[in-house]
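**Student:** can't give you the sequence, but here's the structure:
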């Protein structure tokens with residue numbers, strides 16, 4: 001009879017160990033499921049990060065192209081502005097030379113011709129009034 005309880009004790013302890021193993025497997029299974037879910041989420045995060053990095057790289061490339069285009073456009077405009085500046089300086093110097101020639105011509109003309117006596121103020125006023133009345137008459141006839 002003594003063998004019976006020993007076998008029972010051994011089988012009971014094996015059953016307890018088996019129940020503990022099953023419980024540990026359930027806990028381990030739950031942890032593995034969470035790990036897989038976390039791995040899937042991590043994979044999604046990595047994919048999103050890769051997509052964002054690719055998008056940023058494309059945006060940087062487009063910015064580089066835009067910067068190069070802006071630089072070339074600015075260079076062309078600066079060259080054009082330099083040409084206009086030179087042309088303007090040439091016009092200013094030509095204008096200055098022309099003014100000097102006009103001054104010389106008028107000085108020579110003043111020296112050759114005596115100045116005409118100024119018209120009296122009354123005749124200027126009368127001439128202006130006459131033109132105004134002629135204009136009024138002509139306008140009345142046209143209507």
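**Tutor:** Thanks, I have the structure now. These numbers come from a predicted model, not from an experiment.
**Student:** Extract the residue ranges of the chain that are flagged as low pLDDT.
**Tutor:** Applying pLDDT under 70 to the chain flags residues 1-4, 113-122, 139-143.
**Student:** Quick check: what element follows the helix ranked longest in it along the chain?
**Tutor:** For the chain, the helix with the greatest residue count under DSSP state H is helix 3-112. Next helix or strand after helix 3-112 toward the C-terminus (DSSP states H and E): helix 121-142.
**Student:** which helices and strands does the longest helix of the chain pack with?
**Tutor:** Using 3 or more C-beta pairs under 8 Å, 6 or more residues apart in numbering; DSSP states H and E, no helix or strand is in contact with helix 3-112. No exception for glycine: its C-beta is placed from N, CA and C like everyone else's.
**Student:** Now do that helix: distance to the chain's middle.
**Tutor:** Mean-position distance between helix 3-112 and its chain equals 16 Å (C-alpha atoms, centre = their mean, to the nearest Å).
**Student:** ditto for stretch 100-115
**Tutor:** Relative to the centre of its chain, stretch 100-115 is centred 58 Å away, using C-alpha atoms, centre = their mean.
**Student:** same check, this time on stretch 124-136
**Tutor:** Stretch 124-136 sits 62 Å away from the centroid of its parent chain (C-alpha atoms, centre = their mean).
**Student:** List the buried residues for stretch 24-42?
**Tutor:** Across stretch 24-42, burial judged by 16 or more other C-beta atoms under 10 Å covers no residue at all.
**Student:** How many neighbouring residues does residue 5 have?
**Tutor:** Using other C-beta atoms under 10 Å, residue 5 has 10 neighbouring residues.
**Student:** nope, residue 137 is what I meant
**Tutor:** Neighbourhood size, residue 137 [other C-beta under 10 Å]: 10.
**Student:** before we move on, what about residue 91?
**Tutor:** 10.
**Student:** now do the one 3 residues further on
**Tutor:** Other residues within reach of residue 94, judged by other C-beta under 10 Å, total 10.
**Student:** next one: residue 89
**Tutor:** Neighbours of residue 89 under the rule other C-beta under 10 Å: 10.
**Student:** any idea how far it lies from residue 99?
**Tutor:** 16 Å (C-beta to C-beta, to the nearest Å).
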